[in-house]
Each structure stands twice: as structure tokens, then as C-alpha cells.
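Participant: The following block contains a protein sequence and its predicted model.
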Amino acid sequence: MSSGTVTISASTRRSVLLLSFATFASMAVQRLCDAMLPELAREFSASLGEVASVISVFAVVYGLCQLFYGPLGDRLGKFRIVTWATLGCSVASVLAVFAASLDMLVLARMLVALGAAAIIPLSLAWIGDAVAYELRQETLARVGLGTTLGITGGQLLGGVFTDTLGWRWAFVFMTLLFGVVGLLLWRDERRQRSEAAVTHNPVPEVRPGFVQQALQIVTGRWSRIVLIVALFEGASGFGVLAIWASHLHHELGLSLSASGAIVALFGLGGMAYMAVARFMIQRLGEHGLARAGVTLLGLASLVIAFTPVWWPSVPASLLAGFGFFMFHNTMQANATQMAPSARGTAVSLFASALFMGQSIGVLLAAALVGRIGSTAVIALGCSVLVAVGLYFASALRRRADLMQLE
């Protein structure tokens, strides 16, 4: 069936738009403190290492909560959990505004992470339930635009507020953003429930426990491929990306701000893909997107690694982001289809694999840079991702056969 014969209702489009705002807020609040660290160190009379806990503790809590929210969303409703998580982030952000000590700020960030962890994976899972597969990847790209904007938007907001009104006003902004989006989600969730009450004849549903659901997913041949590829994607993609700015700074003599600006183009490349996702999906198909995406990413990463002058790194970073999100969007679409009866749990497992891979990749990259240099680390990382991506593109052609064997 072609995407031209399938449509998305206006109400579903409105829900998807609200989820895009929520994912933007979730990703923005993750990156909000990046530019604040020097000011936080000054205000709380602490070292950069100590104030960095507002970022590291957030990441740990965010990662640990992934598996908790998947089963909860499958049982209580994915959209409902996203709604209350968004409102919870607003309340927790108020605590950050009035934090009188570093410990209180870290506690507030923990509470924000507790809510933010639910938003992106359960939004993807809800889209998997609400949107036909023919249009799902395009719809996921729209939500992905909010996530991608959040990466750069959070860093920008944190820096601008810290330099002008003060860092606390960044959390005031997030309080209002989460609050407004949460209330809009709450209204939309009430509408969904009222429509379901009219059109749906409830039938008691017996769900297996989380462990049983998780075992069914991780032992499935196709879902196992998706999860393993996600682990490598996180390690060799997001993980190695963490050293790009320092590589440009040390190898090419660029300032840290210039290096950071060039790497930020990676996110802009992702936004460019989201803008043309419909055309690309229809033109290339899933296996074509995966193959072309990792190939483009690999070539661009090699330019970053080996260029002797700075200017080729500008288009290379932009194209690397474009290629990476071509591949990542394809991975997301397949994650939503691993286990349709337990989609929340499946997408949470996918997010956990990606997050775990990212953590492993950062640690490995940092350890290897001192031994073999950043040029070799970037080249090695992109080679691994290209190999894994080409394997996944090949597996996509055999997906139907692999799923029949389960």
C-alpha cells in the first residue's frame, strides 16, 4: 500500500504537533545546563567537576527510567503518561528556579529527568499505535524535528539567559514551556478519551509482565537485530560525536566556540533532513535511506577526521548530520514495529540500547584518544557505523523473512 492511499486525521496531526513540542522541551532541558556550568561554579563556589553533576546526574536518572516508563505506558496509556510527565517537569523546574544550593539544584534536575525520560520514547510509541506504518516514518521525522531543535535550542537558551537575565530565568522559561505544553496535552488527552468512550467497546486485556514482554522482544530475531544495531549506533555515532569539537580545537587550532559552532551544524543537518523527509522516504525507501545515510555520514566523518584545514569541516558536519538522521529515522520507525502489542516496552528497550551505546561510546572514545589520537578514533567510529548501517540496510530487505522465523 502506498502512502498516497493512507491519511492521518486532523486530530491525530494535532496530537503529533503537541508531542513535537513536548519532545522539544524534553531535549532542551537536557542540554539547558551545558553553557551554565562556569556561572554555576561561580555562584555556588564549586569546581566545574562538581557543578557538572547537574548534567551527569540528569543523564543517569534519564537512562535508568527508560525501562520503567515503557511497561507503564503500555498499561496506563502512552499519551497520558507523556502528559503527566510534561506537567511534572514544569513543577520540578520551579524547584530549580529557587534552588539555594548546588545540592538542591541537582535534586531538581533529578526530578526533571524523572519526567523528561518518559516523553520521547512514549511519544514515538504512541505514534506507532496511532499512525499507519506507511506514514509512520514521515510522522516520526516531524517529531524528530522537535527533538533535534531541542538539542541546539537548549544549549542556546541556557547560554542566552545566563548571559542576560541570569541562569534561573532559563528554568523559568522551561517551567512555562512545560506547563503550557502539558496543559495542551491534557486537553488533547481528554478529547482522545471522550472519543474512545464513544467508539470503543472495551474488552479486558491481559498483558504479560514486563520481564516476559522484554524476553519476547529481545529473543525475537528481527527485534534483536534492531536493538544490537541501536547499541552500535549510539556508541559509534552519538558517542564519537562527543569528541568532534575537541578534535577540531586541538588538531586545527580552532577556538572552542568555533569548534562548538561547527559541530552544532550536525544538528542543523538533521533539521534539513526532517524538512525533506517525505520526499526522501518516498524516493529511497527504508533500505535506501539506511544505506545512503550511513554512507554520507561515513564520508563526512572522514573529512572531519583528516582535513588539514578548517573550512571543509563546515559542510562535512552539516552533511554528517543529514546522513545520520536519515539512518536514525529509519531505526526509529523499525523500533516502533518490533512488538506492536507492547510498543511502549519495545521503544523503551530501543532507547535504553541507544543510551547505553552512547555511554559506552563516550567512555571508549575518551580512553582511545590518548592512545591512538582523535583522528583515528573518529575514523574508527565512522567505519564501524558504516559497516553496521550497511548490514542493517541489507537486513531490511530480508525483514519479512526474519520476522516469519520468530
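Facilitator: All right, it came through fine.

Participant: Next up, the contacts around the residue nearest to Gly293 when sequence neighbours are not counted.
Facilitator: For Gly293, ignoring the flanking residues on the chain, the nearest one in space by C-beta to C-beta, 6 or more residues apart in numbering is Met326 at 3.1 Å. For the C-beta atoms, the positions are set from N, CA and C on the backbone; glycine is no exception. When contacts are counted by C-beta atoms under 8 Å, 6 or more residues apart in numbering, Met326 touches 273, 280, 289-290, 292-293, 296.

Participant: Report the buried residues of the lengthiest helix in the chain.
Facilitator: When the chain is parsed with DSSP state H, its longest helix is helix 167-199. Using 16 or more other C-beta atoms under 10 Å as the test for burial, helix 167-199 gives 167-168, 170-175, 177-179, 181-182, 184-186, 188-189, 192.

Participant: ok, now stretch 85-94?
Facilitator: Neighbour-count burial for stretch 85-94 flags 85-93 (criterion: 16+ other C-beta under 10 Å).

Participant: Now render these as TSV, adding pLDDT, distance to Gly77 and secondary structure.
Facilitator: Shown next, in TSV, are the buried residues of stretch 85-94 (pLDDT from 0 to 100; distance: C-beta to C-beta, whole Å; DSSP: H, G, I helix; E, B strand; the rest coil):
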residue	pLDDT	distance to Gly77	secondary structure
Ala85	95	12	helix
Thr86	95	14	helix
Leu87	95	15	helix
Gly88	95	16	helix
Cys89	95	18	helix
Ser90	95	20	helix
Val91	94	20	helix
Ala92	93	22	helix
Ser93	94	24	helix
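
Participant: of the residues you listed, closest to Val226?
Facilitator: For the buried residues of stretch 85-94, the residue nearest Val226 by C-beta to C-beta is Ala85; the value is 24.6 Å.

Participant: That closest one reaches Pro121, doesn't it?
Facilitator: No: checked against C-beta atoms under 8 Å, the pair Ala85 and Pro121 is beyond contact range at 10.7 Å.

Participant: Find residues that contact each of these two.
Facilitator: Tyr69.

Participant: just to revisit the earlier point, can you name the two of the contacts of Met326 that are farthest apart?
Facilitator: Greatest spacing in the contacts of Met326, by C-beta to C-beta: Tyr273 and Ala290 (13.0 Å).

Participant: With neighbour numbers in mind, choose between these two.
Facilitator: Neighbours were counted for Tyr273 and for Ala290 using other C-beta atoms under 10 Å; Ala290 has more, 27 against 24.

Participant: gap between the closest residue to that one other than its chain neighbours and Trp126?
Facilitator: Counting by C-beta to C-beta, 6+ apart, Ala290 lies nearest to Ala393, which is 3.9 Å off, once chain neighbours are set aside. To Trp126, Ala393 is 27 Å away according to C-beta to C-beta, to the nearest Å.

Participant: ok, now Glu251?
Facilitator: 43 Å.

Participant: Please say which of those two ends up with more neighbours.
Facilitator: It is Trp126, of Glu251 and Trp126, that has more neighbours when counted by other C-beta under 10 Å, with 27 against 20.

Participant: Was I right to think that one contacts Ile81?
Facilitator: No: using C-beta under 8 Å, Trp126 makes no contact with Ile81, being 9.3 Å away.

Participant: what touches both of the two?
Facilitator: In contact with both Trp126 and Ile81: Gly73, using C-beta under 8 Å, 6+ apart.

Participant: Arg278 is in contact with Glu138, correct?
Facilitator: Yes: using C-beta under 8 Å, Glu138 makes contact with Arg278 at a distance of 5.0 Å.

Participant: Compare these two and say which one has the larger neighbour count.
Facilitator: Glu138 (20 against 16).

Participant: so how far is the helix or strand that one falls within off the chain centroid?
Facilitator: Here Glu138 sits within helix 133-163, counting by DSSP states H and E. Centroid separation between helix 133-163 and its chain, computed with C-alpha atoms, centre = their mean, to the nearest Å, is 9 Å.

Participant: Report the rounded mean pLDDT for that helix.
Facilitator: Helix 133-163 shows a mean pLDDT of 78.

Participant: Show me what that helix is packed up against.
Facilitator: Contact here means 3 or more C-beta pairs under 8 Å, 6 or more residues apart in numbering; DSSP states H and E; on that basis helix 133-163 packs against helix 10-31, helix 102-130, helix 167-199, helix 256-275, helix 277-306, helix 313-335.

Participant: what sits against the spatially most central residue of the chain?
Facilitator: Taking C-alpha atoms, centre = their mean, the centroid of the chain lies closest to Thr147, which sits 6.2 Å from it. Residues in contact with Thr147 (C-beta under 8 Å, 6+ apart) are 23-24, 26-27, 120.

Participant: now do Arg80
Facilitator: Remark: with contacts taken as C-beta under 8 Å, 6+ apart, Arg80 is in contact with Glu189.

Participant: How about Leu17?
Facilitator: Leu17 touches Arg142, counting by C-beta under 8 Å, 6+ apart.

Participant: Tell me how far it lies from Ile151.
Facilitator: Relative to Ile151, and taking C-beta to C-beta, Leu17 is found at 19 Å.

Participant: ok, back up a step: tell me which residues in the helix holding Glu138 are buried?
Facilitator: 135-159, 161-162.

Participant: what's the answer for stretch 103-121, then?
Facilitator: Of the residues in stretch 103-121, those buried (16+ other C-beta under 10 Å) are 105-121.

Participant: How far does it sit from its chain's centre?
Facilitator: 15 Å.

Participant: Kindly report the same for stretch 59-70.
Facilitator: That offset, for stretch 59-70, works out to 13 Å (C-alpha atoms, centre = their mean).

Participant: just the CA coordinates of that stretch, formatted as CSV?
Facilitator: The C-alpha coordinates for stretch 59-70 follow below in CSV (Å, rounded to 0.1, in the frame of the first residue of the first chain):
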residue,chain,number,x,y,z
ALA,A,59,21.7,11.6,32.4
VAL,A,60,21.9,8.7,34.9
VAL,A,61,18.3,9.2,36.1
TYR,A,62,17.1,9.7,32.5
GLY,A,63,18.7,6.4,31.4
LEU,A,64,17.5,4.3,34.3
CYS,A,65,13.9,5.4,33.9
GLN,A,66,13.6,4.3,30.3
LEU,A,67,12.6,0.7,31.2
PHE,A,68,10.2,1.8,33.8
TYR,A,69,8.1,4.0,31.6
GLY,A,70,7.7,1.5,28.7
